[in-house]
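Visitor: Below is the sequence, then the predicted model.
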Amino acid sequence: MAILEIRNVSRRYADLSAVDEVSFSVEAGEFFTLLGPSGCGKTTLLRMIAGFEAPDAGQILLDGVDLADTPPEKRPVHTVFQSYALFPHMTVWDNIAFPLKMAKKPQEEIRRRAQEALEQVHLADKSSHFPHELSGGQKQRVALARGLVNQPRLLLLDEPLGALDAKLREEMRGELIDLQREVGVTFVFVTHSQQEALALSHRIAVMNRGRVEQLDEPSRLYGYPANRFVADFIGDINLMEAEVTEASHSHLKLRVPGLGEVMAPPLPDAKAGEKGALALRPEQARISAHAQTAELKNHFHGTVRGFLYLGDVTVYTVELDNGVSMDALLANSAPGRAKFFDIGDDVFIAWRHDAGLFLRE
Amino acid sequence: MTSSRWAKWLVSLPPTLFLLVFFLAPSLIMVAASFRYPGEFGGLAPLFAVSGRESGLTLEAYRFFFGDFTYLEIFLRSFAVAGLTTLICILMAYPLAWLIARSPKKHRDLMVLLVILPFASNFLIRVYAWIIILGPLNLLYTSFAVIAGMVYVHLPFMVLPLYTNLEKHDPALLEAAQDLGANAWTRFWRITFPLSLPGIFSGAALVFIPVLGMFAIPELLGGTGDILIGNLIKEQFLDNRDWPLGSTLSLMLTVAVLGLAALAAWAGRTRRGRAG
């Protein structure tokens, strides 16, 4: 059953449409992510769920009940703020006990549950510290414990990892997943980082200019982006203008200017003459020094023009004979080798006929 | 010594000298004066006998001060007036400071300017204005008039530190408190108020201490029963020509204020100690 339902919600600031007719629902126990560039409306949407802003149109339902007349303090929805917003004059313990005190829980229950929450985030020894005595990661954990301690129906997280440095961010990612699994609370997570979204979420709504562009599981978003925006925003991708020349239930034939004919997986009700783009992930493009077996129908010769060494993988930029430039990724798994190709090397680029994707305009 | 340490010395030298010459030295002179005899026409009697008159050191002024209950009464009344003035200033300044801090940024400077605008006219003229206001209301020369004058003159000293404090509060804290279930009343008492305590304390110090020493307002607006320490001290120097007693009174006032400050600091420390 859907725990949260967003129905045609819109929010305008002056003449700017921050959130435009957005609808989706979040299932109980789900780790749901709103992903998009800054200004896409994801934070506005989160603030409307928390109750700090009211939608101009549409409804927000929690457990089937419209929240329009419920002020933020009455909503069983808690938020982890980007700045953490820990109360500076209270100890870690008092910060965590705050929501329980507000809910007028009995003294004994406050003590027990605050202690549990502290232990859950591994801060039992920090209970009498003040926020300014904590590191960034510890503040983050206090904010999480404070948000979860009174068992909200929803926990909203507004870019909670944004203020941490890269290494800590990776660590906290793992902790967030574990914590969410452990407490079973439904998370609605806002981020502009596609990596974070892919790593953490059960489902992701990709937002752009106030609208949801695509809502799906991480692997499907990555593998089957619905349009150019999603394809481009999530991961790296080669996008080439293309026109359908032949459509069947088993494959598409595309004409890519400068490349010629390319085979692509079929698309329901695609018609010859349709224009769009061919999208191909760099890891789908196979790069090699020799011509490849005929099984790979999409097969082109080119020259290495540049590469980006990323440690685990290297991304080669290859200029094909007919002028088109493509990125191809190669894992650096062979021991003792920094890279397989150098600038100026002759290479072949190939990909399977069922790799790549035709994106309509 | 490195050049940066030299620079520190050089920069701190003028204010240090100033304080030594114009604060510490006069204070020590005052302490010394309190142990001497008054001179015949004001000032102090000579330290060494000249012509059979009282000379040398004495505890006379202290005996006088501790021997007369009236002085203690005036001290207590002064502290009561200062306390009441401070309290009223807090109650009046808090909403105002909060309002300014919550206004759009572009309006704030103008509002702060309006708060300090009364300083543009002379202090005595502003107090005389109260005579004109209170006279027809038959409230002149009463304790009420004294308190009204005190509050009026000192209000900006409460508004400014409070505003400076409230303006810095992170609005996200109030949102977080609301998000976690706190209503408006609780948000104020649990978040805004405790965080504004430093502002209240500095405002209170800026009001309480000057009010204790103030003599012009009770003299102009108060009745005979509204005399405060400030008046008493002024009287000793200008009317009674009893410098030693005046110095003793000043010294007692200083000691009382320092004692109070120490008490406040100690209370603040134990409070924090308990919280931590």
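Guide: That came through, no problem.
Visitor: how long is stretch A:331-340 end to end?
Guide: One end of stretch A:331-340 to the other measures 10 Å (Cα to Cα, to the nearest Å).
Visitor: any idea of the mean pLDDT for that stretch?
Guide: Confidence over stretch A:331-340 (mean pLDDT, whole number) is 71.
Visitor: How about stretch A:12-19?
Guide: For stretch A:12-19, mean pLDDT rounds to 86.
Visitor: And it, what's buried?
Guide: Applying a neighbour-count criterion of 16 or more other Cβ atoms under 10 Å in any protein chain shown, the buried positions in stretch A:12-19 are A:S17, A:A18, A:V19. Heads up, the C-betas are built off the backbone N, CA and C, glycines and all.
Visitor: in what helix or strand does the first one lie?
Guide: Same thing as A:S17. With elements delineated by DSSP states H and E, A:S17 resides in strand A:16-27, which encompasses its position.
Visitor: and the next element down the chain from that strand?
Guide: Counting by DSSP H and E, the element after strand A:16-27 in chain order, helix or strand, is strand A:31-35.
Visitor: Quick check: residues of the stretch 51-200 of chain B near chain A?
Guide: B:170, B:172-173, B:175-183, B:186, B:190-191, B:194-195 (Cβ under 8 Å from any Cβ of the partner chain).
Visitor: Could you tell me which of these count as buried?
Guide: B:172-173, B:175-182, B:186, B:190-191, B:195.
Visitor: Switch those residues over to TSV; also include secondary structure.
Guide: As requested, these are exported to TSV (DSSP: H, G, I helix; E, B strand; the rest coil):
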residue	secondary structure
B:A172	helix
B:L173	helix
B:E175	helix
B:A176	helix
B:A177	helix
B:Q178	helix
B:D179	helix
B:L180	coil
B:G181	coil
B:A182	coil
B:T186	helix
B:R190	helix
B:I191	helix
B:L195	helix
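Visitor: Burial check on A:I287, number of neighbours?
Guide: 24 (other Cβ atoms under 10 Å in any protein chain shown).
Visitor: just checking, it touches A:F348?
Guide: Yes. Checked against Cβ atoms under 8 Å, the pair A:I287 and A:F348 is within contact range at 7.3 Å.
Visitor: Which helix or which strand is home to the spatially most central residue of chain A?
Guide: Nearest to the mean C-alpha position of chain A, counting by Cα atoms, centre = their mean, stands A:A197 at 2.6 Å. In this structure, A:A197 sits in helix A:194-200 according to DSSP H and E.
Visitor: List the buried residues in that helix.
Guide: Counting neighbours by 16+ other Cβ under 10 Å, one finds that the buried residues in helix A:194-200 are A:Q194, A:E196, A:A197, A:L198, A:L200.
Visitor: Next secondary structure element downstream of that helix?
Guide: strand A:203-208.
Visitor: Which residues does that next one contact?
Guide: For strand A:203-208, contacts defined as Cβ atoms under 8 Å, 6 or more residues apart in numbering or on different chains pick out A:22, A:24, A:30-37, A:40-42, A:45, A:197-198, A:212-218, A:221, A:229-230, A:233-234.
Visitor: C-terminal to that strand, what's the next element?
Guide: Trace forward from strand A:203-208 with DSSP H and E and the next one is strand A:211-216.
Visitor: so where's the chain shaky on pLDDT?
Guide: Unless you meant another one, I'm taking chain A. In the predicted model of chain A, residues A:292-296, A:334-339 satisfy pLDDT under 70.
Visitor: that answer is for a different chain, and I need it for chain B
Guide: Looking along chain B with the criterion set at pLDDT under 70, you get B:1-2, B:49-53, B:270-276.
Visitor: how about the helices in it?
Guide: Secondary structure of chain B by DSSP state H: the helices cover B:3-19, B:25-33, B:60-67, B:69-102, B:105-116, B:123-134, B:143-167, B:171-179, B:184-187, B:193-213, B:216-221, B:229-238, B:243-275.
Visitor: Look up the closest residue to residue 212, ignoring the ones flanking it.
Guide: Picking chain A for this. A:A205 (4.9 Å; Cβ to Cβ, 6 or more residues apart in numbering or on different chains).
Visitor: Chain B, not that one
Guide: Once flanking residues are discounted, B:L212 sits nearest to B:A82: 4.7 Å by Cβ to Cβ, 6+ apart.
Visitor: For that neighbour, list the residues it contacts.
Guide: When contacts are counted by Cβ under 8 Å, 6+ apart, B:A82 is found next to B:V207, B:F208, B:I209, B:V211, B:L212.
Visitor: One more: A:E243?
Guide: A:L254, A:R255, A:G273, A:E274, A:K275, A:G276.
Visitor: what does B:G181 give?
Guide: Contacts for B:G181 were tallied using Cβ under 8 Å, 6+ apart; they are A:E73, A:K74, A:P99, A:M102, A:A103, A:N150.
Visitor: ok, for it, nearest residue in space, not its chain neighbours?
Guide: Nearest non-adjacent residue to B:G181 (Cβ to Cβ, 6+ apart): A:M102, at 3.4 Å.
Visitor: List the residues that contact the one you found.
Guide: A:M102 is in contact with A:E73, A:N150, B:L180, B:G181, B:A182, B:T186, counting by Cβ under 8 Å, 6+ apart.
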